[in-house]
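Engineer: Everything below, folded, please.
(2 chains)
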Amino acid sequence: MSENEEGTPERTDVRKEEEDSPRDRTRLSDICADVKISEVMSEETTVVRESESIEDIIELMTRTPYHSFPVLNENDELLGVIGQDNILELLFFERSHRHHHTHLMAIKALSEDASTLMVHHPVTISPDSTLCDAADLMIKHHIDRLYVIREKKLAGVVSRADIIKKIHGLRRQ
Amino acid sequence: MEALLQILAILFLAKIFSELSERVGLPGMIGEIGAGMFFAFAMKPDDIEVVTFFAELGAIFLLFTAGYREVHVNDLKAASTKALIPTLTQILFAFGFGFMLGNMFGFGFTESLFLAVAFSPTSISVVVKTLIDTDYLSSKPGSMMLTSAIFDDVIGIFLLSVVVSVATLNQFPSAEHILGILVNIIIFVIIMILLGWKVFPRLFEQVQKMHTRESIFSFVIIIALLSAYLSEFFGLHAVIGAFFGGVLLSDLPLAKIETVQKKVSGIAYGFFTPLFFAFIGLTVETEVLYTAGIFTTLVIVLALSGKLIGGFIGTKLVGFGSKDSLIFGIGMMPRAGVELVVIAIGKELGIISNEVFSAIVLMVVVSIIVSPILLEMSIRYKEKGLTEPEQKVA
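Structural biologist: Below you'll find the model as predicted:
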């Protein structure tokens, strides 16, 4: 944040905008109910195939800025998600506390392909759901991203950033 | 007020003893059992009705979380059928040894059956640390242990369902009775599958839209209790339903949101299961162990050797070498949660005596302490055999 001549913080653009058109919570709620997820989601998603090896996944993580990747089968159906968290947990399995040495974790730690490494239960949303639905899910349950499913196939991903970007656009209109 | 103090004291002691146990490299549950024994010795409580109730909930939550967090249906499908033979032989031998011991000491049919079922399951997580430390987790016997444990859990739960149903008859079951039990189990399973397939996903769609606080968490708990109740309704024990309910929720995205999982885990491991393990310790009668010394020793020896011999023979049958078979057999020896749930049920139903109960608790504790040590020794023995010829060449 920059400072003006008197040394007091200058108002940010957001603050200025709020004064120009006061933030109307009701209006935002109305708007979000009219925006479909298909308008917000990112359709170009980096995906992992179920048979890909742990080495390929680690390499992908070094090349892309994303924290998690959807795992798809050959029919492009979403099977699960692989994130940095669970890759780290499995790579350092031997160092983790006894509590984590469960049967399931041991099986995962031994596996080499995405289908066993992944977390099987990503939270999904339909492309016809609204922006309000996605925001509610994310806020209530601390979810970072939702996978958009159309006829069992992955149609896109909605992240918190996508929602903020959309709202930013709407507020500027 | 008395009950409040009891719960407070038991939970406090359980956590302190559990910490001590972890510090010396043993699972926390050993400390929790010890806390219960210490509580009984120091406080000599007369009325433990409230503790018993919480302990029953503890058993329900123990098996519910086992299903909810640890089982994944696809793992069962993927598990190699090659592991079926060693799994069946180790269960068969342990079960057979248990039943034989009951007969030797003149127990009735149902009590012998309970003893046999309590001998049957394995808790593989006890030896995972040893397998990691010795770099044997990914070895042939190591991965066979992990696969075998998948079947082991399911077979253990099935045996428990049958034995609880038989126990309520209190006599040798006729073909008609067995058919009745099977029909009950099948109806229960069909209802649960329908709930898990058609009802729960839709229910959670609606629950997540609710405005009331912690709605998803509450409904996960409601389903745990509902499944437990339903299984009791069909003549099975509550813990079986809880396990089943957990498995059904384990693949439901909205019920498995990370924040909800943490809350379920918190209430289970932070409150209910320590009370269950402490309750086991609280009800153990140590003096009985002295009077029934031979019986107790035989329980320990037969329960452990049943798994060892059965595991050894089974893996030999699928082509393992003797040393790998020995490692597998030892890896199958540890017992923990499910066995204690089995005997707690047996005691609650008035089928097993204090001697049997206390001897099995001791067997579980001994197996947890001894199995990792024996496993490490057997792995060293194999490694020694592998390095010696090289040394001779050098």
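Engineer: Please verify my assumption that residue A:61 contacts residue A:83.
Structural biologist: No - between residue A:61 and residue A:83 there is no contact under CB atoms under 8 Å: 9.3 Å. C-betas here are computed from N, CA, C, even on glycine.
Engineer: looking at chain A, which helix or strand does the model trust least?
Structural biologist: Every helix and strand in chain A was compared by mean pLDDT, DSSP states H and E; the lowest is helix A:13-20, with a mean of 49.
Engineer: pLDDT score assigned to the residue nearest in space to the middle of chain A?
Structural biologist: Nearest to the geometric centre of chain A sits residue A:145, at 2.3 Å (CA atoms, centre = their mean). Turning to residue A:145, the model gives it a pLDDT of 89.
Engineer: what's near enough to touch it?
Structural biologist: Neighbouring residues of residue A:145 by CB atoms under 8 Å, 6 or more residues apart in numbering or on different chains: A:68, A:157, A:158, A:159, A:160.
Engineer: what sits opposite it in the beta ladder?
Structural biologist: residue A:159 (DSSP bridges).
Engineer: For residue B:128, what are phi and psi?
Structural biologist: With angles defined as degrees, to the nearest 10, residue B:128 sits at phi -60, psi -40.
Engineer: Does it touch residue A:108 like I think?
Structural biologist: No - counting by CB under 8 Å, residue A:108 is not a contact partner of residue B:128; they are 12.0 Å apart.
Engineer: tell me the average confidence for stretch B:13-20?
Structural biologist: Across stretch B:13-20, pLDDT averages out at 94.
Engineer: and chain A, which residues reach chain B?
Structural biologist: Residues of chain A found near chain B (CB under 8 Å from any CB of the partner chain) are A:93-94, A:98, A:101-104, A:106-107, A:109-110, A:116, A:120-124, A:136-137, A:140-143.
Engineer: Counting only strands, which of those make the cut?
Structural biologist: Within these, residues falling in strands by DSSP state E are residue A:124.
Engineer: picking that back up, of residue B:128 and residue A:108, which one has the most company?
Structural biologist: Comparing residue B:128 with residue A:108 by other CB atoms under 10 Å in any protein chain shown, the one with more neighbours is residue B:128, at 26 against 19.
Engineer: check contacts around the more buried one.
Structural biologist: So residue B:128 contacts A:101, A:102, A:103, A:106, B:137 (CB under 8 Å, 6+ apart).
Engineer: And the pLDDT at it?
Structural biologist: Looking at residue B:128, the pLDDT reads 77.
Engineer: How is residue B:227 classified with respect to secondary structure?
Structural biologist: helix (DSSP: H, G, I helix; E, B strand; the rest coil).
Engineer: Enumerate the residues of chain B near chain A.
Structural biologist: Checking chain B against chain A by CB under 8 Å from any CB, the hits are B:22, B:27, B:69-72, B:74-75, B:78, B:124-125, B:128-129, B:131-132, B:137-138, B:143, B:146, B:149-150, B:208-209, B:216, B:250-254, B:256-260.
Engineer: ok, back up a step: just the buried subset of the residues of chain A next to chain B, please.
Structural biologist: A:93, A:98, A:101-104, A:106-107, A:109, A:116, A:120-124, A:137, A:140, A:143 (16 or more other CB atoms under 10 Å in any protein chain shown).
Engineer: Can I take it that residue B:94 is in a helix?
Structural biologist: Yes - checked against three-state DSSP, residue B:94 lies within a helix.
Engineer: need the helices for the stretch 101-250 of chain B, in chain order.
Structural biologist: Secondary structure of the stretch 101-250 of chain B (DSSP state H, counting those that start in this stretch): helices located at B:109-119, B:125-133, B:140-169, B:175-194, B:200-207, B:215-233, B:238-249.
Engineer: TSV please, covering the ones you listed and showing distance to residue B:330.
Structural biologist: Output for those, formatted as TSV (distance: least, CB to CB, whole Å):
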stretch	distance to residue B:330
helix B:109-119	16
helix B:125-133	8
helix B:140-169	9
helix B:175-194	33
helix B:200-207	40
helix B:215-233	34
helix B:238-249	27
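Engineer: Low-confidence ranges, chain B, go.
Structural biologist: Along chain B, segments meeting pLDDT under 70 span B:1, B:71-80, B:169-173, B:386-394.
Engineer: For the nearest residue to residue A:144 once chain neighbours are set aside, list the residues it contacts.
Structural biologist: Nearest residue to residue A:144 in three dimensions, chain neighbours excluded: residue A:160, at 6.1 Å (CB to CB, 6 or more residues apart in numbering or on different chains). By CB under 8 Å, 6+ apart, the contact list for residue A:160 reads A:138, A:144, A:145.
Engineer: number of nearby residues for the first one?
Structural biologist: Think residue A:138. Residue A:138: 18 surrounding residues under other CB under 10 Å.
Engineer: dump the residue contacts of it.
Structural biologist: A:144, A:146, A:160, A:163.
Engineer: For it, give its distance to residue A:37.
Structural biologist: 12 Å (CB to CB, to the nearest Å).
Engineer: got any residues that touch both of these two?
Structural biologist: residue A:146.
Engineer: how about the contacts of residue B:128, which pair is most distant?
Structural biologist: The distance between the two most remote of the contacts of residue B:128 (CB to CB) is 12.7 Å, for A:102 and B:137.
Engineer: Run through the neighbouring helices and strands of whichever helix or strand residue B:41 is part of.
Structural biologist: For residue B:41, the host element (DSSP states H and E) is helix B:28-43. Counting by 3 or more CB pairs under 8 Å, 6 or more residues apart in numbering or on different chains; DSSP states H and E, the packing neighbours recorded for helix B:28-43 are helix B:2-23, helix B:273-283, helix B:354-393.
Engineer: and the longest one, how far out from the chain's middle?
Structural biologist: The gap between where helix B:354-393 is centred and where its chain is centred comes out at 20 Å by CA atoms, centre = their mean, to the nearest Å.
Engineer: what's it packed up against?
Structural biologist: By 3+ CB pairs under 8 Å, 6+ apart, helix B:354-393 packs against helix B:28-43, helix B:109-119, helix B:125-133, helix B:273-283, helix B:286-291, helix B:293-317, helix B:322-331, helix B:337-348.
Engineer: hmm, try it at 7 Å
Structural biologist: Secondary-structure packing of helix B:354-393 (3 or more CB pairs under 7 Å, 6 or more residues apart in numbering or on different chains; DSSP states H and E): helix B:28-43, helix B:109-119, helix B:125-133, helix B:286-291, helix B:293-317, helix B:322-331, helix B:337-348.
Engineer: Out of these, which gets nearest to residue A:48?
Structural biologist: Closest among these, using CB to CB: helix B:125-133, at 26.4 Å.
Engineer: Let me know the distance separating residue A:35 from residue B:368.
Structural biologist: Here the criterion is CB to CB. By it, residue A:35 lies 56 Å from residue B:368.
Engineer: neighbour count winner among the two?
Structural biologist: Taking neighbours as other CB under 10 Å, residue A:35 and residue B:368 compare with residue B:368 leading, 22 against 17.
Engineer: tell me, how many neighbours does residue A:85 end up with?
Structural biologist: By other CB under 10 Å, the residues close to residue A:85 number 12.
Engineer: Can you tell me the element it falls in?
Structural biologist: helix A:84-91.
Engineer: got the phi/psi numbers for residue A:80?
Structural biologist: Dihedral angles of residue A:80 (phi, psi; degrees, to the nearest 10) stand at phi -180, psi -170.
Engineer: just checking, it touches residue A:72?
Structural biologist: No - look at residue A:80 against residue A:72 with CB atoms under 7 Å: they stay out of range, at 9.3 Å.
Engineer: excluding its backbone neighbours, what's nearest the most centrally placed residue in chain B?
Structural biologist: Per CA atoms, centre = their mean, the C-alpha nearest to the average position across chain B is that of residue B:338, at 1.8 Å. Nearest residue to residue B:338, sequence neighbours excluded (CB to CB, 6+ apart): residue B:121, at 4.5 Å.
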